[in-house]
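Undergrad: predicted model and sequence below, questions to follow.
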Amino acid sequence: MAEAAITFLLENLKVLAVHYRTLISSADSELKNLRMELDSMKSFLEDAASQKSKSKGFKTWENQIREVVYKIEDVIDECVTQAAIDSSRKIKLSFSRGDLAEKVRSIREKEVKPVFEKARVEFATLPMPDVADEHSRNAVNRIRQIEPMVDENIVGFEDAIEELIGDLKVESSEVEVISIVGMPGLGKTTVASKIYHDKIIDYEFTKRIWINVSEVWNRRDIYLSILKKCTNEDMSSQPEIDLATKVKEKLNQVKFLLVADDVWTVDAWQDIRVALPMNKGSCKVLITSRYDQVALNANPRRDPHRLRFLTGEESWKLLQMEVYGGEGNWPTEWENIGKKIATDCGGLPLALKVVGGILKSKISTRDATKTAWKKVSESVGEYTIAKDKERSMEKIIALSYDKLPYHLRDCFLYFGVFPEDFEMSTWNLKCLWIAEGFVREEFGDLSLEEIADEYIKELINRNLVMVGRKNALGEAKTCYVHDMIREFCKKEGGHELNFAQEIKMLTRHGIFKPPVSEIANFRRVGIHSHVMKFFNDKPDGPHTRSFLCFSKESIDVPLESSSLVLKAFPLLRVFEGNTMKFSKFPIKLRELIHLRYLSLAAGDNFKALPEDIGKLWNLQTLVITTSSRTFEIRADISTMERLRHLKTKGAIILTKDKKSAPNQNLQTLSRLSTSSCKDEVLSKAPNIKVLGIHGDLDTLLNNVNLQMLACLTKLKLIHVGQVAMSKLPKSSLFPPNMRILSLSATKLDWGDMSSTLSLLLKLEVLKLQEYAFKGEKWDDNGKGFDSLHSLQIERSDLITWSISKSSFPSLGSLVLKNCEKLVAIPLGLAKSLHTLEIERVTKTAFDSALNIDKQKNSIAGGKLKLIIAPGDWKAHGNQQLES
């Protein structure tokens with residue numbers, strides 16, 4: 001939002017003052033005044049944002065202020081860019097140093113002051129919240145306490161309803177809380193309502209009570225709503241504390257089920273809990289919430305029930321019921337249109353109901369109906385967001401969006417610039433957020449990446465962002481948003497906010513929407529198809545700060561077009577072109593001095609980064625995708641003091657190694673060639689956390705001091721040599737705080753597992769890939785591996801694996817792939833395993849996995865997630881696994 005833009009600009013001014021002191025000094029006085037005004041603006045916005053009654057006017061002023069901040073930012077950066085270009089060409093400055101001061105003064109006087117003053121005056125004239133407003137909100141809240149009607153069109157939730165009813169019937173010694181969580185529109189209230197009205201539940205509980213808590217709740221009204229179901233006595237005049245006592249007294253006399261629908265916060269739940277007789281056995285509370293933390297606070301001992309999305313078949317069935325009242329009535333010739341619409345709703349029940357209502361309203365003559373439905377099918381997301389305002393997804397998602405803290409709003413809207421159905425690497429997402437200035441430094445020891453990680457967790461906990469794949473520690477490795485959430489982000493962050501804009505080709509017409517001519521208006525641009533056609537149309541984005549391309553196919557950028565790509569956006573901070581393959585290093589890249597994030601693909605002749613890359617002093621993240629075995633970097637990366645992450649699959653050869661100061665910010669260096677992996681290189685990255693080394697490792701590890709890397713938590717070693725590694729170095733020579741170790745193609749003896757790796761006290765994840773160890777037999781003696789949580793073995797000739805009773809006490813996850821000689825998986829692992837994944841294993845190893853599953857299920861409270869590749873089922877299985 002605007003406050004974030006101001007914060008970013010203030011931080012940027014500090015950095016520019018160091019790197020372009022000569023240029024900036026001429027405008028010292030004006031910039032000082034500007035900083036003071038920006039600080040005042042920031043304080044005003046923070047104060048205004050806290051007063052929700054003023055949100056409508058606040059949004060208008062915020063947009064105006066943000067646009068002014070953008071303009072200031074562009075003016076300063078344009079001057080800095082031109083100065084850098086003139087310097088690189090060794091020519092005299094093409095503008096006077098006084099020009100910057102004059103431009104800043106002009107913007108301050110003509111735009112900053114008028115906009116800010118107008119906002120302050122108009123904001124002060126708005127009425128403050130009064131008692132009437134409060135009573136009005138409470139009246140609305142009271143109206144919403146009415147018990148919900150049962151939705152007759154329920155599809156896909158039968159199993160969930162049956163399971164939850166079973167849980168509610170289980171006897172307990174105290175009040176048990178069961179929660180249903182999920183993203184907006186997934187059907188939480190529908191499921192709870194169906195359960196509430198079920199005959200079994202009606203018979204089981206002598207008193208059933210439904211309260212709708214919602215975003216704005218009122219303790220008094222909640223207590224009165226509960227009492228209304230328990231007594232005919234009018235208690236509306238009694239003090240709130242007496243009401244809570246009375247609720248507890250009345251509920252203590254009955255076996256009750258309380259359904260608390262739409263609980264937004266932990267505080268709301270605590271207000272309910274304080275009035276409940278929590279020690280009363282066999283009574284239940286059923287909560288629905290968008291937020292995981294509410295469910296976990298209400299009952300830390302029970303995982304919440306997470307509703308799933310509908311399948312394609314279920315979606316099609318529900319759509320038919322919404323439009324025609326049942327299955328089989330849909331006109332046959334329109335079935336393909338209907339099924340496409342159902343699929344495009346992404347398994348979200350509310351979206352299907354919204355679009356079903358739209359389709360139903362458009363039924364008229366056969367030809368007119370078909371035309372109208374086809375139009376809906378071409379853009380389902382836009383219809384579910386824009387139409388039927390009372391039930392629209394936009395209204396429901398907006399409630400969650402408005403509840404987000406301001407520092408998370410930009411992070412959330414950023415998902416609107418990614419392609420549809422796209423799983424985003426959380427690592428890349430964190431780096432992008434940091435480069436965009438969304439992540440704020442906080443007091444304490446947390447790094448920007450750790451703070452960004454907390455942001456992701458918060459959005460996941462609010463069920464706005466979904467977890468895709470998980471890493472070995474069970475953390476989100478990829479994430480995504482539902483199509484309807486993405487549509488909301490696109491709309492909210494589009495033209496009005498000028499936050500981000502996706503460019504799409506209308507294939508029937510061969511034109512882009514929005515037109516290429518409008519690019520000049522957009523701060524962030526995402527385009528994921530027809531990319532070279534877009535650049536051949538010569539877009540001009542003088543104010544565009546981010547370009548993101550996540551094309552499904554690799555894009556070859558011709559040599560003659562490479563400068564065209566980068567020339568379009570002279571002030572870029574983010575260039576995400578991981579699928580855009582440049583045949584050679586694009587010379588124009590050197591002029592993009594504001595770049596903070598750079599990701600691109602290197603063609604066959606692009607095997608090095610020139611020394612000039614070091615002039616990109618702002619660069620924080622550099623990712624090069626290459627198929628080359630080695631990749632040369634001719635710049636001294638230790639002088640790129642803002643560089644935090646350097647990644648490429650080719651082994652990095654560093655040719656410049658000056659006696660420069662250490663880079664305190666560098667956290668990721670992967671993969672480093674063995675020829676460049678020297679003590680003098682590693683000593684210049686004292687805070688490195690992730691290191692990959694690629695090459696002949698046999699003698700290297702005993703000759704390089706990895707112990708000095710006290711911050712290193714993740715190490716990946718890839719051996720490329722004529723012969724196998726003879727032996728691992730002693731455990732004491734590894735980084736002292738290493739948690740994750742990957743070995744590939746090292747072909748070590750299994751004895752090194754017990755003599756070395758088992759003694760790494762902090763090791764939590766061990767990945768053994770491509771014959772990391774060779775040999776037919778592995779006997780684990782049960783000593784060590786005390787902290788090992790995850791073990792992954794991929795491609796091995798291991799035949800016999802035996803363990804002792806004390807082996808792997810903490811092992812929760814085991815992955816075995818391409819272990820095509822392994823006779824059996826040790827049964828003793830069942831005691832700690834919660835996840836077992838197998839792929840391309842023997843029949844006997846397959847059977848042992850089933851035995852482990854059986855053994856685990858026989859343990860009280862034991863449950864194993866057994867993942868078996870389809871090919872193994874086909875080869876070895878003869879029945880469907882249920883676990």
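TA: Arrived safely, thanks for sending.

Undergrad: where in the stretch 1-150 of the chain is pLDDT low?
TA: 1, 23, 49-58, 88-97, 124-150 (pLDDT under 70).

Undergrad: residues in contact with V247?
TA: By Cβ atoms under 8 Å, 6 or more residues apart in numbering, the contact set of V247 is Y223, I226, L227, C230, A275, L276. Glycine gets a C-beta too; all of them are placed from N, C-alpha and C.

Undergrad: how about it, secondary structure?
TA: Secondary structure, DSSP: H, G, I helix; E, B strand; the rest coil: V247 is helix.

Undergrad: follow-up on the earlier one: taking the contacts of V247 one by one, which sit in helices?
TA: Per DSSP state H, helices hold the following members of the contacts of V247: Y223, I226, L227.

Undergrad: would you turn the contacts of V247 into TSV with pLDDT?
TA: Formatted as TSV, those follow (pLDDT from 0 to 100):
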residue	pLDDT
Y223	92
I226	92
L227	92
C230	91
A275	94
L276	95
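
Undergrad: select from those residues the one having the most neighbours.
TA: Looking at these with neighbours defined as other Cβ atoms under 10 Å, the largest count falls to I226 at 28 neighbours.

Undergrad: so for it, what's the nearest residue that isn't a sequence neighbour?
TA: Among residues not flanking I226 along the chain, V247 sits closest, at 5.1 Å (Cβ to Cβ, 6 or more residues apart in numbering).

Undergrad: circling back to that earlier point, can you add distance to I337 and give the contacts of V247 back as a markdown table?
TA: Formatted as a markdown table, these follow (distance: Cβ to Cβ, whole Å):
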| residue | distance to I337 |
| --- | --- |
| Y223 | 51 |
| I226 | 48 |
| L227 | 52 |
| C230 | 52 |
| A275 | 52 |
| L276 | 50 |
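
Undergrad: so who does the closest residue to A772 other than its chain neighbours touch?
TA: Excluding the flanking residues, the one nearest A772 by Cβ to Cβ, 6+ apart is L743, at 3.9 Å. Taking Cβ under 8 Å, 6+ apart as the criterion, L743 is in contact with L717, H719, K767, L768, Q769, A772, F773.

Undergrad: again with L318
TA: By Cβ under 8 Å, 6+ apart, L318 lies in contact with N153, V155, G156, L310, A342, P349, L352, K353, G356.

Undergrad: for the last one, identify the helix or strand it belongs to.
TA: Translated: G356. G356 is part of helix 349-361 when elements are defined by DSSP states H and E.

Undergrad: shaky segments in the stretch 451-600 of the chain?
TA: Scanning the stretch 451-600 of the chain for pLDDT under 70 picks out the ranges 495-496, 507-508.

Undergrad: can you give me the helices in it?
TA: Under the criterion DSSP state H, counting those that start in this stretch, helices of the stretch 451-600 of the chain are mapped to 483-492, 531-536, 559-567.

Undergrad: and the shortest one, what's buried?
TA: For helix 531-536, the neighbour count (16 or more other Cβ atoms under 10 Å) marks V531, F534, F535 as buried.

Undergrad: and that helix, what does it pack against?
TA: strand 501-506, strand 555-557, helix 559-567 (3 or more Cβ pairs under 8 Å, 6 or more residues apart in numbering; DSSP states H and E).

Undergrad: can you add distance to A298 and give those back as CSV?
TA: Shown next, in CSV, are those (distance: least, Cβ to Cβ, whole Å):
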stretch, distance to A298
strand 501-506, 39
strand 555-557, 49
helix 559-567, 52
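
Undergrad: I'd like to know which of these lies nearest to V259.
TA: strand 501-506 (40.1 Å; Cβ to Cβ).

Undergrad: next, the residue of the chain most remote from its centre: secondary structure please.
TA: Each residue of the chain has a distance to the centre, and by Cα atoms, centre = their mean the biggest one is for E233: 50.5 Å. Look at E233: counting by three-state DSSP, its state is coil.

Undergrad: ditto for the one 5 residues further on
TA: Secondary structure of Q238, reduced to three states by three-state DSSP: coil.

Undergrad: for it, grab phi and psi.
TA: Dihedral pair for Q238: phi -80, psi 150, per degrees, to the nearest 10.

Undergrad: for it, give its distance to K71.
TA: 58 Å (Cβ to Cβ, to the nearest Å).

Undergrad: ok, now P304?
TA: For P304, the distance to K71 equals 47 Å [Cβ to Cβ].

Undergrad: and the two? Which one has more around it.
TA: Neighbour totals were compared for P304 and K71, and P304 leads with 21 against 15 (other Cβ under 10 Å).

Undergrad: wait, doesn't that one sit right on K188?
TA: No: counting by Cβ atoms under 8 Å, P304 does not reach K188; the two are 10.3 Å apart.

Undergrad: between the two, what contacts are shared?
TA: Counting by Cβ under 8 Å, 6+ apart, the residues touching both P304 and K188 are I180, V181, S289.
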